[in-house]
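Novice: here is a sequence with its predicted model. Questions after.
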Amino acid sequence: MSKITISLIKADVGGWPGHATVHPALIETAESMLAQEKTSGRLVDYRVMAVGDDLQLLMSHTKGADNTEIHGLAWEIFCNATEKAKELKLYGAGQDLLCDAFSGNVKGMGPGVAELEFEERTAEPLVAFMMDKTEPGAFNLPIYKIFGDPFNTAGLIIDPSVHMGFIFEVWDIQEHKRVFMNCPEEMYDILALIGAKSRYVIKRVYPKPDGKLPEDEAVAAISTEKLYQTAGKYVGKDDPVALVRCQSGLPALGEVLEPFALGHLVSGWMRGSHNGPLMPCAFEDAHCTRFDGPPRVIAAGFQIANGTFVGPVDLFKDPAFDLTRRRVQEITDYMRRHGPFEPHRLPMEDMEYTTLPDVLKNLGTRFENVE
Ligand code: F6R
Ligand code: MG
Ligand code: MG
């Protein structure tokens, strides 16, 4: 069988109400269009999902990553869903569609994209992670822990097929540059970069050469689009997604999910301008209500069978994550009590809403020099 491509493409094309959830009518619009594409043979399979106000299109096909037809299809679906959102007067209809016309690839046009192309193994487990009210750098900590941290991933120590480690592709999203780094050899340097998560983000992870898996096929991919950089001004949060393959020479499913038990602090939340804990939750609980949050992550688990999606399994719908959720609620409360103070509020340069220039302008010459 030829290689299969999994494309996860998402956009916020209207919230219900405010920025809380996706209206079922938008999901139906996407479902019916994708069903036709499956019948016509353009797609092998698809699933439509949602987290917070983001509509998620998961597609499998044999056309490779960055394919014009597939990206064009996603764009058309988002445009049709926007029309529906306008009819229902949903909030921020079309907010993530930054251009009027599609030009070959959705990258830089607003939607977020994670894609993996690979030779399907005898059994191919895959997790699609989808986050709302946060930024691509929110994936740095969990992806690092999955593929680089032996305190998280036992396989790095005790499984000979995982023991050699992985290669991280890290992007500087301000300078639009990338670097490939070996882990564990360059672990400290990797962490020096990706700890600065608003600038350096993990884009892909690759197996090491001479291992069990082909070295040119990424085993994880993260969307790294930055909406406000794309648009030149703030138009909405670039809520990220990721695809992660598991097992047999890769971290096990449980090692892939384990980092999310922390409820780590991420940037985003209310007005894209606050730090808060990331809550792993069930699909049905992925509604951002408390202070427009707290930021959420859902995990959809699949076996891939000749390109079809066997699933999803709602992986965080599990009492084993209840304690995390309780802790996240306590941290939410604690952070909220800081009101407009950092580090709950983001540093000035990272805020997506600010009155500061106006405040300074109004104060004008009232600022006096001091010795
Ligand atoms: C954050 C987010 C929301 C909005 C907030 C204000 O990513 O989407 O927190 O920023 O609800 O929204 P507007 O400016 O549309 O009233
Ligand atoms: Mg929105
Ligand atoms: Mg969103």
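Specialist: That came through, no problem. Residues are numbered from 1 along each chain as shown. Ligands and ions are numbered 1, 2, ... in the order given.
Novice: quick one: residues contacting the nearest residue to His264 once chain neighbours are set aside.
Specialist: In space, and not counting its chain neighbours, His264 is closest to Leu141: 5.1 Å by CB to CB, 6 or more residues apart in numbering. All C-beta spots, glycine's among them, are computed from the backbone N, C-alpha and C. With contacts defined as CB atoms under 8 Å, 6 or more residues apart in numbering, the neighbours of Leu141 are Lys197, Pro259, Leu262, His264.
Novice: could you find the closest non-adjacent residue to the first one?
Specialist: Think Lys197. Gly137 (3.0 Å).
Novice: wait, isn't the one you found in contact with Ser198?
Specialist: Yes - counting by CB atoms under 8 Å, Gly137 touches Ser198, with 5.5 Å between them.
Novice: residues shared between the contacts of these two?
Specialist: By the contact definition CB under 8 Å, 6+ apart, Gly137 and Ser198 are jointly contacted by Ser267.
Novice: how about the residues of the stretch 151-300 of the chain near ligand 1?
Specialist: Residues of the stretch 151-300 of the chain lying close to ligand 1 by CB under 6 Å from any ligand atom are Lys237, Gly268, Met270, Arg271, Gly272, Asp292.
Novice: quick one: which of these sit in strands?
Specialist: Counting by DSSP state E, the part of those found in strands is Gly268.
Novice: check what pLDDT Met1 gets.
Specialist: We have a pLDDT of 63 for Met1.
Novice: quick one: pLDDT of the residue nearest to His264?
Specialist: We have a pLDDT of 98 for Leu141.
Novice: now it: which helix or strand?
Specialist: Per DSSP states H and E, Leu141 falls inside helix 140-148.
Novice: I'd like the next helix or strand past that helix.
Specialist: helix 155-158.
Novice: what's that following helix in contact with?
Specialist: Outside helix 155-158, the residues that touch it by CB under 8 Å, 6+ apart are Gly148, Asp149, Pro150, Ser161, Val162, His163, Gly165, Pro184, Pro251, Ala252, Glu255.
Novice: which residues of the chain lie near ligand 3?
Specialist: Residues of the chain lying close to ligand 3 by CB under 5 Å from the ion are Asp12, Gly52, Asp53, Asp54, Asp132, Asp239.
Novice: which stretches of the chain have low pLDDT?
Specialist: Scanning the chain with the threshold set as pLDDT under 70 gives 1, 227-237.
Novice: who in it is up against ligand 2?
Specialist: Counting by CB under 5 Å from the ion, the chain sits next to ligand 2 at Asp12, Gly15, His19, Asp53, Gly92.
Novice: most neighbours of all those residues, which one?
Specialist: Asp53 (33 neighbours; other CB atoms under 10 Å).
Novice: right, and that residue touches Pro17 too?
Specialist: No - Asp53 lies out of contact with Pro17 (CB under 8 Å); the separation is 9.8 Å.
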